[in-house]
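got a sequence here, can you model it:
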Amino acid sequence: MPSIKFFIKGNSPTSSIYMRFLHGRQFDFKRSTRLTIDPKNWNSNKGRVRNLAEFSNKLNTQNALNGLQSHVLGNFNSDYSEGTTINSDWLNRTIDGYFNQSNDTDLRYLTDYGAFFLENLPNKILRDGRTGVSLATIKKYRTTLVKVQEFEKRRKNRLKIDEVNLKFHKDFIHFLHNEKNLNYNTTGKYVGCLKTICIDAKKYGIKVHPDLEKDEFRMTREKTYFVTLSEEEITAIFEKDLSRTPYLDNARNWLIIGVWTGSRVSDLLKFGSDNLKDGFIQYTSQKTKQKIVLPIHWQVRAILDRNNGEFPRAISSQKYNDYIKDVCELAGINELCKGGKFNSESKRKEIGNFPKWQLISTHVARRSFATNHYGKLPTPVIMAATGHQTEKMLLAYIGKSSQDNANVLREFWEKEMIKRDHKPQLQIIKTSS
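Have a look, this model is predicted:
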C-alpha cells in the first residue's frame, strides 16, 4: 500500500510544501505540491499544518493537502492497475491535475490564479466552519474574471499578480466605468473581488505588489438612492382590484408576501406549501443557508385564503420585476422620487426624479420590510427575518446613517420626557382633626 508524507524545505515565510510518495522499494518520489507555508505554522513531526488560532488559512491549507493526498492515491490505484508508468513525471501530472493546471498554466498570472481560486470556492472553509460559498458568490467572482479578461484583451497584455498596482487600479476603474458603462458601485464590487483574489494568492506564497495593501487601493462607491413602500402604499397595493388582469394580480400577491416577509426574491418566488408549518413560514435562505421562521402577516394570510391555502402561481424573477412596476402604477404610487433608472441610449443607470412606480424593482419588498420595521422592533428581530448577519449590513441595506440613529434616539428621549412631565404628582391634603 503506497503512503504519502508532506514536508517543507527552507526557512522563509513562503517555504514550499513537498510531497514524498512511497510504495515499497520500487517507488520513492519527492515533488512540490505548489503550496507554501510559513515554517512556524508547520508541524514537522506530524507533517501537517499546525492548529494555530493566528493562522487564519490553516483549515483551507490542510484541506488542500488532504484532498491532494486522496487524489494521488486514487489515481495511483487506477493507473497502476492499468499498466501506466509510475514515475516522477506521473506524480507531477497528477499533482497538476488536482490543481487543474496544464502545462500552459502559470499561477503567477492573474487570470490563471483567478481560475484556480474560482475552482476551489466550493471547498473553501469559511470562518464559521461552513464549507463552500453561495452560487451568487461564485457567479460574482466568475464575472470578475470575465471583466479582467476583457481588460487584458483591450490592452493586449496578460497581467501577472504582482502587476496589480495603483496604476492598474486606476486603469481598471476607468475601463469598467468609462468604457463598459458600469456605475461606480458595480465597478467597486469587481475591484473588491479582484483584491480578494490577489490577497488569497499571497497566502500561497505568490508575489503581490506592495500597492495592494495601500488605502488608495479600495472599492469605488457612489450614493445609492433607496426606494421603499410605506405601509399606506402597501395597503393601497393590497386593496387594488386587479381581477381583470390575472398576471398582475398574481405579481401583486407575490409583492405583498415579499413586503411582509423580507425575503430575497431568490427565496420568495420559490415558496410553496412545504414552507407553511404550524402557522409560520419557514425556509432556508439560498444565499446564506440560514433557517428563517416568520409569522404570517394578516395580508399574507388573506392572500393564502383566497388561493385555497396555497402561495401564488410561480413566476420568473424577470417577469416579477416587470409586472410589479405596472402594479404600483395602477395602485397610484406616483410620488416623485430621486433614484437611478436605466437609460437605454447611454446604456447606464442615471440619477433623476421619477414617479416612484418607475423605480420599483425586486429589491423593494425586502427593503420595505426592513425600513418599515426599523426603530419599531429590536434590530436583532429584523435581522433574524431578513437574514442579515450583522447590524452594519442591515443598516447599509436600508440606507440608515449615524444621523438616522441619532434621530431615533432623540425621539425616544423626547417621548420619555413627555412621560415624565405628565407623571401624576401626589399631593398632601390637610384634614381637620
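
and the strands in this protein?
Along the chain, the stretches classed as strands by DSSP state E are 3-9, 15-23, 27-37, 42-43, 48-49, 276-277, 280-284, 291-295, 336-343, 348-355.

okay, those strands, which one's buried deepest?
Among the strands of the chain, strand 48-49 has the highest mean neighbour count (mean count of other Cβ atoms under 10 Å), at a mean of 20. Using the backbone N, CA and C atoms, a C-beta is placed for each residue, glycine as well.

okay, now the sheet partners of that strand, with direction.
Sheet pairing here is set by DSSP bridges, and for strand 48-49 it gives strand 42-43 (antiparallel).

follow-up on the earlier one: to residue 84, which of the strands of the chain lies closest?
Among these, strand 27-37 comes nearest to residue 84, with 12.5 Å by Cβ to Cβ.

quick one: that closest one to strand 3-9, angle?
Put simply, strand 27-37 runs at 50 degrees to strand 3-9, going by axes from the mean of the first three to the mean of the last three Cα atoms, to 10 degrees.

quick one: strand 27-37 to strand 15-23, angle?
Going by the same axes, to 10 degrees, strand 27-37 makes 160 degrees with strand 15-23.

what pairs with strand 27-37, parallel or antiparallel?
Sheet pairing for strand 27-37, assigned by DSSP bridges, gives strand 15-23 (antiparallel).

before we move on, the earlier item: need the strands of the chain in TSV (columns: mean pLDDT and distance to residue 55).
Below are these laid out as TSV (pLDDT from 0 to 100; distance: least, Cβ to Cβ, whole Å):
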stretch	mean pLDDT	distance to residue 55
strand 3-9	92	14
strand 15-23	90	14
strand 27-37	87	9
strand 42-43	94	10
strand 48-49	93	7
strand 276-277	94	42
strand 280-284	94	32
strand 291-295	92	31
strand 336-343	86	43
strand 348-355	86	43
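
in a markdown table, list those strands along with distance to residue 417.
Shown next, in a markdown table, are those (distance: least, Cβ to Cβ, whole Å):
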| stretch | distance to residue 417 |
| --- | --- |
| strand 3-9 | 67 |
| strand 15-23 | 65 |
| strand 27-37 | 61 |
| strand 42-43 | 63 |
| strand 48-49 | 59 |
| strand 276-277 | 45 |
| strand 280-284 | 39 |
| strand 291-295 | 34 |
| strand 336-343 | 34 |
| strand 348-355 | 38 |
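
once you drop chain neighbours, what's closest to residue 36?
Spatially, and ignoring its direct neighbours in sequence, residue 36 is nearest to residue 205 (3.0 Å; Cβ to Cβ, 6 or more residues apart in numbering).

how many other residues sit next to that neighbour?
Neighbours of residue 205 under the rule other Cβ atoms under 10 Å: 18.

got a pLDDT number for it?
In the prediction, the pLDDT value recorded for residue 205 is 82.

check the one 4 residues further on too.
In this model, residue 209 is scored at 95, pLDDT.

which residues sit in contact with it?
The contact partners of residue 209, taken as Cβ atoms under 8 Å, 6 or more residues apart in numbering, are 161-165.

distance of it relative to residue 198?
Counting by Cβ to Cβ, to the nearest Å, the gap from residue 209 to residue 198 is 8 Å.

now do the shared contacts for these two.
The contact sets of residue 209 and residue 198 overlap at 161, 164 (Cβ under 8 Å, 6+ apart).

ok, back up a step: compare the strands of the chain and give me the one nearest residue 398.
strand 336-343 (14.7 Å).

what lines up beside that closest one in the sheet?
Strand 336-343 is paired, per DSSP bridges, with strand 348-355 (antiparallel).

so which residues make contact with the strand it pairs with?
The contact list for strand 348-355 (Cβ under 8 Å, 6+ apart) reads 181-183, 225, 329, 333-343.

and what of stretch 85-96?
Applying Cβ under 8 Å, 6+ apart, the set of residues contacting stretch 85-96 is 19, 21, 23, 27, 29, 31-34, 68, 71-72, 75-76, 79-80, 84, 102-103, 105.

C-alpha coordinates for it, PDB please?
Extracted as PDB, the C-alpha positions of stretch 85-96 are listed here (Å, rounded to 0.1, in the frame of the first residue of the first chain):
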ATOM      1  CA  THR A  85       4.200   4.000 -15.900                       C
ATOM      2  CA  ILE A  86       4.600   5.400 -12.400                       C
ATOM      3  CA  ASN A  87       7.500   7.800 -12.100                       C
ATOM      4  CA  SER A  88       8.200  11.300 -11.000                       C
ATOM      5  CA  ASP A  89       6.600  12.700 -14.200                       C
ATOM      6  CA  TRP A  90       3.400  10.800 -13.400                       C
ATOM      7  CA  LEU A  91       3.400  12.400  -9.900                       C
ATOM      8  CA  ASN A  92       3.900  15.900 -11.400                       C
ATOM      9  CA  ARG A  93       1.000  15.400 -13.800                       C
ATOM     10  CA  THR A  94      -1.200  14.000 -11.000                       C
ATOM     11  CA  ILE A  95      -0.500  17.000  -8.800                       C
ATOM     12  CA  ASP A  96      -1.100  19.400 -11.700                       C
END
